[in-house]
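Novice: Predicted model and sequence follow; I will ask about them next.
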Amino acid sequence: MAEFLQFAFSGLTVGAIYALVALGFTLIYNASDVINFAQGEFVMLGGMVTVFAVAAGVPLPLAALLAVAVAVAVGVTLHRLAIEPARGASAVTLIIITIGASILLRGVAAVVFDKGFHSLPAFAGSEPWQIGGAAVLPQSLIVLVGAGAIVAMLWVFLTGTMLGKALIATSANRLAARLVGINTGAIVGLSFAVSAAIGAIGGILMTPITLTSYDVGTLLALKGFAAAMLGGMGNPIGAVLGGLLVGLLESFGAGYLSSQYKDAIAFLVILAVLFVMPHGLVGRAGVERV
Amino acid sequence: MRRFAASPYGVVVLIAVLVAALPAVLPTTFYVRIAALVFIFALAVVGLNLLMGFAGQVSLGHAGFFGIGAYAVAIGPTHLGIPSWAAFVIGVALAALIAFLVGRPILRLKGHYLAVATLGLGILIAMVMTNEAAWTGGPDGMPVPRLELFGWRVRGPVTWYWVSGITLVIGAWIAANLIASPTGRAFRAIHDSETAARVLGVDVARYKLLAFVLSAAYAAVAGAYLALFDGLVTPDSAGFLRSIEFVTMAVLGGLGSIFGSVVGAMILTVLPQVLTVFHDYEHIALGAIMIVFMIFLRAGIVPSLLTFLRRSS
């Protein structure tokens, strides 16, 4: 039982990070139909900028704020310089553009920072708590609470503010949104900014547990993409569920089956889900227009 | 010239002339080696182009099939005592078989779902290669015994230049033949509209599967060649980045253009060699080039160039 709890906690912790990445995918996808493969780089930037700012003597909260600001600036720039000029391009073209952006950002990070692994001190001590026989790091709880808070804040933003409602309107129907006076271009830019911020916060939260380096983005983006797909692309609730599920499956798979194939388990499940439910767990079947 | 370039076989002749004439201008074996690499990658991309450019199905996992071909010629002779040429045949057959088995369920998916399914497939294959260290040497890879045919040891850049160049011409010829046939028309019909194709009596699932299996076989042949040429194979050959590289080559050169595949493979193979001078900035340059080309030359280099020529004459 203790073992089971241990796997569940660690699964939920990574799952929360995957959920944040998946949520970032979903926001941008809804607003613009773009799958942003550079999403993982926002997570990397969050962690790396914080680490290097702290090393330079900046207090942690300020460093974290700086990291989020840098990620947001990169996200907005990415939209302005690479996504906006390619409007109307095919899905594959857009996928290649964002993968190009991801390679570029990774290259910049390797030059500006370095290629080593870095960690941050845990935010609230590193003495594990015993819960039902399982050892839980305080940082894990911070990740879970932090991710939950972000999801809640995003919910309030989307349903309670004019800007959030404009984002939802743009996702639902871009032309209709433009007709009622919404600046859809700015809204897509906003979705990049919000996604970048969410990713960066995820990166800051996870760094004390998982370490960070210039190239952590790739695998995170793949897992987050898979999680978003698992939940049904474009569905924010599905993205969070998908993220947690991928995290849990990975953790249980690593614990009970094979730690070598921990990454494989996530992808196997996704393939299986796609075969059985081609539109994800929460998604609905679309109708193709001829 | 224009008519010639537009005809399906003109491309094959063009590639054949290129392969035959290039050694005259390549100054050292270093360049011959790069040219051989270009031909090997171009072969994989021509196959991928059949799937993506003609049948309109995206695959982000083709490096998996490339890797199967590569590891077949490594594992066959080393662990199973099979001669290299037989291992080569078995590897290509195995890649085609796997594509045949997973193709049907995977190709039912569309758009982003198809992208993530093929991506997952590629990653799973690469993961097996990384983890089964007893067979594959793990993350460090394993050496590949040289190919020997009837006592002739196939080795060295010049030999491999001709082997890969001639294979590329044959591969392009098969692809051109296919595209000009009713099968090619069926591919394009599926690309334009699956529903319309089905209404016209095209067995959509069967033709998609055919394109998938064929492109997997092309990739496996190319993978085996690279492994035999390099004398070494690592899991990177089957990795996600390699898959992306193939897709970028196909799109960069121009989807639906066989010569475009060769051009795309050439640019992405030659470029890193040039960029080694700025070693630290290699990734920055690669990423920037991918973005800039995709924004300004969306149709790909060769189709854009043809349109330009057509307009100016």
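Specialist: On my side now, so go ahead.
Novice: Which positions in the stretch 151-290 of chain A make contact with chain B?
Specialist: A:218, A:222, A:225-226, A:229, A:233, A:260-261, A:263-264, A:267-268, A:270-271, A:274-275, A:278-279, A:288, A:290 (Cβ under 8 Å from any Cβ of the partner chain). In short, each C-beta sits where N, CA and C put it, glycine included.
Novice: do that again at 7 Å, thanks
Specialist: Within the stretch 151-290 of chain A, the positions adjacent to chain B are A:218, A:225-226, A:229, A:233, A:260-261, A:263-264, A:267-268, A:270-271, A:274-275, A:278, A:288, A:290 by Cβ under 7 Å from any Cβ of the partner chain.
Novice: which helices and strands sit right next to the helix or strand residue B:250 falls within?
Specialist: Per DSSP states H and E: residue B:250 is located in helix B:240-253. Secondary-structure packing of helix B:240-253 (3 or more Cβ pairs under 7 Å, 6 or more residues apart in numbering or on different chains; DSSP states H and E): helix A:91-112, helix B:29-49, helix B:63-75, helix B:111-131, helix B:258-275, helix B:301-312.
Novice: buried ones in that helix?
Specialist: B:240, B:242-253 (16 or more other Cβ atoms under 10 Å in any protein chain shown).
Novice: Kindly reformat the residues you listed as JSON lines containing pLDDT.
Specialist: Shown next, in JSON lines, are the buried residues of helix B:240-253 (pLDDT from 0 to 100):
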{"residue": "B:240", "pLDDT": "84"}
{"residue": "B:242", "pLDDT": "89"}
{"residue": "B:243", "pLDDT": "91"}
{"residue": "B:244", "pLDDT": "86"}
{"residue": "B:245", "pLDDT": "87"}
{"residue": "B:246", "pLDDT": "93"}
{"residue": "B:247", "pLDDT": "90"}
{"residue": "B:248", "pLDDT": "88"}
{"residue": "B:249", "pLDDT": "91"}
{"residue": "B:250", "pLDDT": "91"}
{"residue": "B:251", "pLDDT": "88"}
{"residue": "B:252", "pLDDT": "88"}
{"residue": "B:253", "pLDDT": "90"}
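Novice: Serialize those residues to CSV and add fields for distance to residue B:77.
Specialist: Converted to CSV, the buried residues of helix B:240-253 look like this (distance: Cβ to Cβ, whole Å):
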residue, distance to residue B:77
B:240, 28
B:242, 23
B:243, 26
B:244, 30
B:245, 27
B:246, 26
B:247, 31
B:248, 32
B:249, 29
B:250, 31
B:251, 36
B:252, 35
B:253, 34
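Novice: The residues you listed: which two are farthest apart?
Specialist: Greatest spacing in the buried residues of helix B:240-253, by Cβ to Cβ: B:240 and B:253 (20.8 Å).
Novice: Show me how far stretch B:281-292 is from its chain's centre.
Specialist: 21 Å (Cα atoms, centre = their mean, to the nearest Å).
Novice: Next: stretch B:88-99.
Specialist: On Cα atoms, centre = their mean, the centre of stretch B:88-99 falls 15 Å from that of its chain.
Novice: quick one: contacts for the closest residue to chain A within the stretch 1-150 of chain B?
Specialist: Closest contact between the stretch 1-150 of chain B and chain A, by Cβ to the nearest Cβ, is at residue B:120 (3.9 Å). Applying Cβ atoms under 7 Å, 6 or more residues apart in numbering or on different chains to residue B:120 gives the contacts A:226, A:267, A:270, A:271.
Novice: what's the closest non-adjacent residue to it?
Specialist: Counting by Cβ to Cβ, 6 or more residues apart in numbering or on different chains, residue B:120 lies nearest to residue A:267, which is 3.9 Å off, once chain neighbours are set aside.
Novice: before we move on, the earlier item: the helices and strands packed on helix B:240-253: which one's closest to residue A:11?
Specialist: It's helix B:111-131; of the helices and strands packed on helix B:240-253, that one is closest to residue A:11 (Cβ to Cβ) at 19.2 Å.
Novice: which bits of the stretch 51-200 of chain B sit near chain A?
Specialist: So the stretch 51-200 of chain B meets chain A at B:58, B:105, B:108-109, B:111-113, B:115-117, B:120-121, B:123-124, B:127, B:131, B:193, B:195-196 (Cβ under 7 Å from any Cβ).
Novice: Mind checking which of these are buried?
Specialist: B:58, B:108-109, B:112-113, B:115-117, B:120-121, B:123-124, B:127, B:131.
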